[in-house]
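Colleague: kindly generate the corresponding structure for this input.
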Amino acid sequence: MPPCPVDCIEMVDPPAPVAPWSPADADLARERHRRRGIRLERIARADRERLAHEAQAKLDELRGQPSAAATERKRAVIAAAIERARQRREAAR
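Modeller: Now for the predicted structure:
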């Protein structure tokens, strides 16, 4: 093949072909693949457990908060008590 006339491409010989894997190389690759699968599963399990824990904590936090109706009832009771105290104070004058 003739060189590029613009001289923008360097013509080099192709690399030597890679030797096929030996049985030991193949076994090593299988072992790495197996360990990677175990590691990825461990990470995924830890992530699922973390997310489940966070969801449970959020649910517990929501259960601990009073509902809007309960909060409104408490406000009404407090407002009524304040009004009664104000009326007693005015009656005592």
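
Colleague: can you show me the helices along this structure?
Modeller: With DSSP state H as the criterion, the chain has helices at 23-64, 68-92.

Colleague: rank these by pLDDT, which is bottom?
Modeller: Out of the helices of the chain, helix 68-92 stands lowest, with a mean of 88 (criterion: mean pLDDT).

Colleague: in contact with Gln63, which residues?
Modeller: Careful, residue 63 is Arg; it's not Gln. Contacts for Arg63 (C-beta atoms under 8 Å, 6 or more residues apart in numbering) come out as none. Every residue, glycine included, has its C-beta placed from N, CA and C.

Colleague: roughly how far apart are it and Gln56?
Modeller: Applying C-beta to C-beta, to the nearest Å, the value for Arg63 to Gln56 is 10 Å.

Colleague: over to Leu62?
Modeller: 11 Å.

Colleague: which one of the helices of the chain lies closest to Pro15?
Modeller: Nearest to Pro15, of all the helices of the chain, is helix 23-64, at 18.6 Å by C-beta to C-beta.

Colleague: picking up where we left off before, want to throw the helices of the chain into TSV with distance to Pro17?
Modeller: Formatted as TSV, the helices of the chain follow (distance: least, C-beta to C-beta, whole Å):
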stretch	distance to Pro17
helix 23-64	16
helix 68-92	74
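
Colleague: relative to Ala16, which of those helices is closest?
Modeller: That would be, of those and by C-beta to C-beta, helix 23-64, which comes in at 17.2 Å.

Colleague: now do the closest one: distance to the chain's middle.
Modeller: 12 Å (C-alpha atoms, centre = their mean, to the nearest Å).
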